[in-house]
Every structure is written in C-alpha cells, then in structure tokens.
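1. Provide a 3D model corresponding to the input given below.
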Amino acid sequence: MAQTIQQRLETLKKRNSDNNSAINKDLYRILVRKDFLNACYQSIKSKAGNMILVKDNVTLDRYSEKVVDTVILALKDQSWKFKPVQKRDIPNGSSKWQSVRISDIQDQIVQKGIEMIL
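-> Below you'll find the model as predicted:
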C-alpha cells in the first residue's frame, strides 16, 4: 500500500521524535518523487509575491511537468547542481533601490523539497 507524501513525512517525524538515534536511509527517494516535487511547486506558487520574474524572464506560472522531469533525472543520476542566483535591484517605493536575489525555478523546487523533508 502506497503512502502519500504527507503520511510518509509524518511517519518519519514521529519515528525520529521517538528515537533520536534513528537513521533515515530513504530520504532521497522522497525527494525524487514526482508528486512530492509537484507539491513543492504548489507550495511555492501559492505564496503571494512569488509570481514575479524569477530568472531569465520566466515566472513561476511558466512551470511545466517537463521542469519536474528534468529535475528528477538530474537528481537520480546525481548530476544536479544549484545555479548561481541572479541579483536585481528593484525600486523600494521611497526613491531607493533594494537588492533582491532571485533563484532559478528548479532550484527553488529542490530547496523547498529539502526544507519539507528536514
């Protein structure tokens, strides 16, 4: 019987809180699941302000299943590398400029996945 991602994460959380010396060997399998990465994307997308230009003039609403498939393949063959962030200056409202660092969409999805697992 297959567990949902949320159930699996809750099981891991309970097991680790009950036994501080528990070793988790299958966390990477969770990270490379398509439904898990889709949930990570939905979590990023649902927050206000995340539909701004991300990088290379692409917004989060330009996301597709192809992006997740690319991430999964790179994670599975261990060729995944985070890309450098892009620094942009945006107006701050009071005639000042604010520096903002913007990550690639794929990087954001993987970072959110790691955050959810941890």
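2. can we go C-alpha only for contacts and neighbour counts from here?
-> Will do.
3. Which pLDDT does the model give the residue lying farthest from the centre of the chain?
-> The outermost residue of the chain relative to its centre, with distances by C-alpha atoms, centre = their mean, is Ser95 at 33.4 Å. In this model, Ser95 is scored at 79, pLDDT.
4. May I have stretch 13-33 as CSV, with CA atoms only?
-> Output of stretch 13-33 as CSV, limited to C-alpha atoms (Å, rounded to 0.1, in the frame of the first residue of the first chain):
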residue,chain,number,x,y,z
LYS,A,13,8.8,12.8,12.0
LYS,A,14,7.2,10.5,14.6
ARG,A,15,9.9,7.9,14.3
ASN,A,16,12.6,10.4,14.7
SER,A,17,11.0,12.1,17.7
ASP,A,18,10.5,8.8,19.4
ASN,A,19,14.1,7.7,18.7
ASN,A,20,16.8,10.4,18.4
SER,A,21,19.3,7.9,17.1
ALA,A,22,17.2,6.7,14.2
ILE,A,23,18.9,6.7,10.8
ASN,A,24,16.8,7.6,7.7
LYS,A,25,18.1,5.9,4.6
ASP,A,26,15.4,6.6,2.1
LEU,A,27,15.0,10.4,2.2
TYR,A,28,16.4,10.8,-1.3
ARG,A,29,13.6,8.5,-2.6
ILE,A,30,11.1,11.0,-1.3
LEU,A,31,12.9,13.9,-3.0
VAL,A,32,12.8,12.3,-6.4
ARG,A,33,9.1,11.5,-6.4
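5. just to revisit the earlier point, any idea how far the residue farthest from the centre of the chain lies from Ile102?
-> 22 Å (C-alpha to C-alpha, to the nearest Å).
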